[in-house]
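1. Model the following, please.
(chains A and B)
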Protein chains: 2
Amino acid sequence: MTILVNGEPGATVEAADRGLQFGDGVFETVRMQGGRPAMWRRHWFRLCRGLELLGIPPPSERACLEELSRVSIDVPSMAKLMVTRGPGPRGYAAPARPRPTRIVMGGEPVDIPDARAILRLGVCTTRTARSPAPGCKHLNRLENVLARREWFADWDEGLMLDAGGRVRCATQSNVFILEQGALLTPGLSVHGVPGTRRGWLLDNARTVGLTVREASLTLPRVRRADAVFLTSARLGLRRAALAEQDAAAEDRALGSELLDRIHELGEQMNALD
Amino acid sequence: MTILVNGEPGATVEAADRGLQFGDGVFETVRMQGGRPAMWRRHWFRLCRGLELLGIPPPSERACLEELSRVSIDVPSMAKLMVTRGPGPRGYAAPARPRPTRIVMGGEPVDIPDARAILRLGVCTTRTARSPAPGCKHLNRLENVLARREWFADWDEGLMLDAGGRVRCATQSNVFILEQGALLTPGLSVHGVPGTRRGWLLDNARTVGLTVREASLTLPRVRRADAVFLTSARLGLRRAALAEQDAAAEDRALGSELLDRIHELGEQMNALD
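-> Residues are numbered from 1 along each chain as shown, chains lettered A, B, ... in the order given. The predicted structure is shown next:
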């Protein structure tokens, strides 16, 4: 795995880096295709907005793109871009003139099973708390780590609820349900991280005649849904089902036309630069 | 500042360390006196309990003490001990056999103003959320960083409230109020980090005839308190006041006997090994 730290090959950062000390930074996980990150505008916008919330100066966009290209491989792969506030003296007080650290990590080829296969979804007991910086994909990810530790061997993903019992996300993806022909997804103004593919769906699903909107999703409502979907940079748009959900029966009830339309929407999204 | 990484002098860690990637680790900030951390049993207990919650194998206690001693200086100073899950492959899934990273950082001499001076306390708008691992002093500290950024120039500390508006802590200390002769402190079963000095006070205040217990503290209740106190490894036990609180008037109303007893309790706590 190739790692660049501030553009230089190297696999270490200062121990005094505030990314390590406090999780004081942000990241993006991007799908590299042909040397470029797919949906870059959405990733870049979220990165910059997160840095602005934290008061960290943004890196050069050109440097990020150039370094992501350098760590990419010949086949589609997942790369990670992190920006921290950089090293600082002890204590929470941020340096007046931060020297941010930029870390770019190459990754393994994207290895997704059959796009029509249905992912097996569990329910985590670790709750997702209110984000200290809503909308920001920051480096405080312990709740995701703890939720990930709960996965049983046969899970592909795990749903996460907030303290009030509403479904907010999965450990590394956003959640949609299909209900009466509409795609519904939890609001993420306070919890979780609004994903790039989630944003694209909210903006574009209507072009294929689908209604998509935010809604309050209790776990029973998700269980009763006509179908469940996950989105992420890695997965794209994928069907998923809880253990007690019978996807074959859902299919028969829904008919193939609607599911085909959603599947095509996912294909369209994945084909984007 | 001397830094030891897994016992070796050095100021870098792997970029792939999960402490940096996710804040997947814990820390203790200890007051070094005569080459030893004060109140070590309480620090060590919290460190081990936090690691157990996260599923990270604990380091050798002897190695921690020996390394803290190596980074300490001739005068009382604050040192920091961090333990992360160590490097891992990409993704939230923790390695089955983690190689934890132990980081020990020496620090500046403890520089505390006059122990009788009253610290100026502000109120932060950044809220403290439910902890993903209650009781664990983990490395997800962005809310403290953001709250610390709110301090005005004349603040010595900033109170933090939970989403429901209850006072839970300050950015780097625990909070007590004096009300009708009793010391009250917020419950921290879900929010914040229960401090070593807070624990000592809860266990020992009665030995000098003081009642101390957990209570639900709204901001108005803190404002109406007879006096406010903060505790931390650095500060020990210190009086504090919000801008609108008139400490001189509090003193006259309380009389010196009670305040002297609390001050002596602080001195007693600071003198402990």
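2. Neighbours of A:Arg239, how many?
-> Applying other Cβ atoms under 10 Å in any protein chain shown, we find 23 residues neighbouring A:Arg239. C-beta here means a position set from N, CA and C on the backbone, and glycine is covered the same way.
3. neighbouring contacts of the helix or strand hosting it?
-> Per DSSP states H and E: A:Arg239 is located in strand A:236-242. Defining contact as Cβ atoms under 8 Å, 6 or more residues apart in numbering or on different chains, one finds that strand A:236-242 is touched by A:112, A:115-116, A:118-123, A:156-157, A:159, A:197, A:201, A:222-223, A:227-231, A:247, A:250, A:259, A:262, A:265-266, A:269-270.
4. who does that strand pair up with?
-> With DSSP bridges as the test, strand A:236-242 is paired with strand A:119-123 (parallel), strand A:227-232 (antiparallel).
5. So how do I select the buried members of the contacts of strand A:236-242 in PyMOL?
-> Buried subset of the contacts of strand A:236-242, written as a PyMOL selection, criterion 16 or more other Cβ atoms under 10 Å in any protein chain shown:
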select buried, chain A and resi 118+119+120+121+122+123+156+157+159+197+201+222+227+228+229+230+231+247+250+259+262+265+266+269+270
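6. before we move on, which element is A:Arg46 in?
-> helix A:40-54.
7. Ok, A:Glu66 next?
-> Element membership for A:Glu66 (DSSP H and E) is helix A:61-71.
8. now for the very next helix or strand once past that helix, which elements pack on it?
-> Next in sequence after helix A:61-71, counting helices and strands by DSSP H and E, comes strand A:77-84. Where contact means 3 or more Cβ pairs under 8 Å, 6 or more residues apart in numbering or on different chains; DSSP states H and E, strand A:77-84 is packed against helix A:18-22, strand A:25-33, helix A:40-54, helix A:61-71, strand A:101-105, helix B:18-22.
9. so which of these gets nearest B:Gly181?
-> helix A:18-22 (38.3 Å; Cβ to Cβ).
10. Just the CA atoms of that closest one, as PDB, please.
-> This file holds the C-alpha atoms of helix A:18-22, laid out as PDB (Å, rounded to 0.1, in the frame of the first residue of the first chain):
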ATOM      1  CA  ARG A  18      -3.400  16.300  16.400                       C
ATOM      2  CA  GLY A  19      -5.000  13.700  14.200                       C
ATOM      3  CA  LEU A  20      -3.500  11.100  16.500                       C
ATOM      4  CA  GLN A  21      -3.800  13.100  19.700                       C
ATOM      5  CA  PHE A  22      -7.500  14.000  19.300                       C
END
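11. And for it, what's in contact with it?
-> In contact with helix A:18-22 (Cβ under 8 Å, 6+ apart) are residues A:13, A:24-25, A:82, A:84-88, A:92, A:94, A:101, A:139, B:13, B:17, B:19-20, B:23, B:82, B:84, B:139-142, B:144-145.
12. buried subset of these?
-> Among the contacts of helix A:18-22, the ones that count as buried (16+ other Cβ under 10 Å) are A:13, A:24-25, A:82, A:84-88, A:92, A:94, A:101, A:139, B:13, B:17, B:19-20, B:23, B:82, B:84, B:139-142, B:144-145.
13. In terms of secondary structure, what does the helix or strand of chain A with the lowest mean pLDDT contact?
-> Least confident helix or strand, chain A: helix A:247-254 with a mean of 83, by mean pLDDT, DSSP states H and E. Applying 3+ Cβ pairs under 8 Å, 6+ apart, one finds that helix A:247-254 makes contact with strand A:227-232, strand A:236-242.
14. list the contacts for A:Leu184?
-> A:176-178, A:212-215, A:217.
15. after the helix or strand where it lies comes which helix or strand?
-> Secondary structure from DSSP H and E places A:Leu184 in strand A:182-185. Sequence order places helix A:196-204 as the next helix or strand after strand A:182-185, per DSSP H and E.
16. So what angle separates the directions of that next one and helix A:40-54?
-> Counting by axes from the mean of the first three to the mean of the last three Cα atoms, to 10 degrees, helix A:196-204 lies at 110 degrees to helix A:40-54.
17. so the closest residue to A:Phe229 other than its chain neighbours, which of the three states?
-> Using Cβ to Cβ, 6 or more residues apart in numbering or on different chains and skipping the chain neighbours, the partner closest in space to A:Phe229 is A:Phe176 (4.3 Å). Three-state call for A:Phe176 (DSSP: H, G, I helix; E, B strand; the rest coil): strand.
18. For A:Phe176, report the pLDDT, please.
-> pLDDT, A:Phe176: 98.
19. what number of residues lie near the nearest residue to A:Val71 once chain neighbours are set aside?
-> Closest residue to A:Val71 apart from its sequence neighbours, by Cβ to Cβ, 6+ apart: A:Gly106 at 3.2 Å. Neighbours of A:Gly106 under the rule other Cβ under 10 Å: 20.
20. got it, and the one 3 residues further on?
-> A:Pro109 sits with 12 neighbouring residues when counted by other Cβ under 10 Å.
21. any idea how far it lies from chain B?
-> 12 Å (Cβ to the nearest Cβ, to the nearest Å).
22. repeat for A:Gly88
-> Using Cβ to the nearest Cβ, A:Gly88 is found at 10 Å from chain B.
23. for that residue, what are its contacts?
-> A:16, A:18, A:21, A:94-95, A:98.
24. what's A:Leu188 in contact with, if anything?
-> A:134-135, A:168-169, A:174, A:194, A:198.
25. Pick the one among these closest to chain B.
-> A:Pro134 (10.8 Å; Cβ to the nearest Cβ).
26. pretty sure the closest one is touching A:Pro194, no?
-> No - A:Pro134 is beyond contact range of A:Pro194, at 9.0 Å (criterion: Cβ atoms under 8 Å).
27. Of those two, give the one with the bigger neighbour count.
-> When neighbours are counted by other Cβ under 10 Å, A:Pro134 and A:Pro194 differ, and A:Pro194 comes out ahead with 21 against 15.
28. Report the spatially nearest residue to the more buried one, omitting neighbours in sequence.
-> Here the residue nearest A:Pro194, using Cβ to Cβ, 6+ apart, is A:Leu188, at 4.6 Å.
29. same thing with A:Arg198?
-> That would be A:Asn174: by Cβ to Cβ, 6+ apart, it lies 4.1 Å from A:Arg198.
30. now A:Gly7: how far from chain B?
-> For A:Gly7, the distance to chain B equals 13 Å [Cβ to the nearest Cβ].
31. One more: A:Ala233?
-> 13 Å.
32. who touches that residue in this structure?
-> Contacts of A:Ala233 by Cβ under 8 Å, 6+ apart are A:29-31, A:38-39, A:43, A:78, A:195-197.
33. Now, of the contacts of A:Leu184, which are buried?
-> By 16+ other Cβ under 10 Å, the contacts of A:Leu184 give A:176-178, A:212, A:217 as buried.
34. Would you agree A:Asn6 is in contact with A:Arg102?
-> Yes - with contact defined as Cβ under 8 Å, A:Asn6 counts as touching A:Arg102 (5.4 Å).
35. what's the neighbour count on A:Val30?
-> When neighbours are defined as other Cβ under 10 Å, A:Val30 has 28 of them.
36. list the contacts for the spatially closest residue to it that is not a sequence neighbour?
-> Nearest residue to A:Val30, sequence neighbours excluded (Cβ to Cβ, 6+ apart): A:Pro37, at 3.6 Å. If a contact means Cβ under 8 Å, 6+ apart, then A:Pro37 has A:28, A:30-31, A:43, A:65, A:68, A:79 as its contacts.
37. one step back: the residue nearest to A:Phe229 contacts A:Ala225, correct?
-> No - using Cβ under 8 Å, A:Phe176 is not in contact with A:Ala225; the gap is 9.1 Å.
38. what's the spacing between A:Val5 and B:Leu242?
-> 43 Å (Cβ to Cβ, to the nearest Å).
39. neighbours around A:Arg261, how many?
-> Counted with other Cβ under 10 Å, the neighbours of A:Arg261 add up to 13.
40. I'm done for today, thanks for sticking with me.
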